[in-house]
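Asks: Generate a structure from the sequence data that follows.
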Amino acid sequence: MKTAEIPDQMWALVQQHLGYDDEEMALFRADPRNAKVLATAPEMRRKTIVFEVVESHGCNSQHQVGTCFFFTGDGNFITKMAPKRVCAFALPVMAQMIFGLQELWYAGVDPNEACFRRASCFDVGVACGGWGKVVVEAKVMDREEAERLHHG
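Replies: You can find the predicted model right below:
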């Protein structure tokens, strides 16, 4: 989508949300990639990025198989849907995966078709001198489906 196809109201909302002055907003609008991303925003807002623990052993935060971490489509951690404890060493890999999933989305590719949707936390596990190891699998789903998953 071209910059001219984004309604002025949406540009104004973005400017207000990000706290840009007029000069910064002019720079933002001048980059055609931003229009492309904004064109996907309405649909992406209805999505949730979910990381489900598929393997866990020795996790100090007690993340077990089935534990889920929920992020908005634009990458914000949904704290009200989070486990009581969240391991700081698992979050970086999720952030990296979110970036990749979003790039697929912006390119018009279903992010659930990514070849590599699993990653592990920073800890290498007791056999390699660490404590534990958690493997998560990413998926993008409709918000309502994610809420049902969260409420079990």
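Asks: show me where pLDDT drops low in this structure?
Replies: Residues of the chain meeting the criterion pLDDT under 70: 1-4.
Asks: domain assignment for it?
Replies: If you go by automatic domain parsing, the domain ranges for the chain are 3-44, 47-151.
Asks: could I get these as TSV with mean neighbour count?
Replies: To be clear about C-beta, it is placed using only N, CA and C from the backbone, and glycine gets the same treatment. Listed next are those as TSV, based on neighbours: other Cβ atoms under 10 Å:
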stretch	mean neighbour count
domain 3-44	13
domain 47-151	16
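Asks: Which residues does the particular helix or strand that has Phe69 in it contact?
Replies: Element membership for Phe69, per DSSP states H and E: strand 68-72. Applying Cβ atoms under 8 Å, 6 or more residues apart in numbering, the contact partners of strand 68-72 are 45, 47-53, 77-78, 81-83, 86, 90, 94, 98, 136, 146, 149-150.
Asks: for stretch 110-117, same thing?
Replies: By Cβ under 8 Å, 6+ apart, stretch 110-117 touches Met97, Gly100, Leu101, Gln102, Leu104, Trp105, Glu137, Ala138, Lys139, Val140.
Asks: what bridges to the last one?
Replies: Think Val140. Val140 forms beta bridges with Ile49, as assigned by DSSP bridges.
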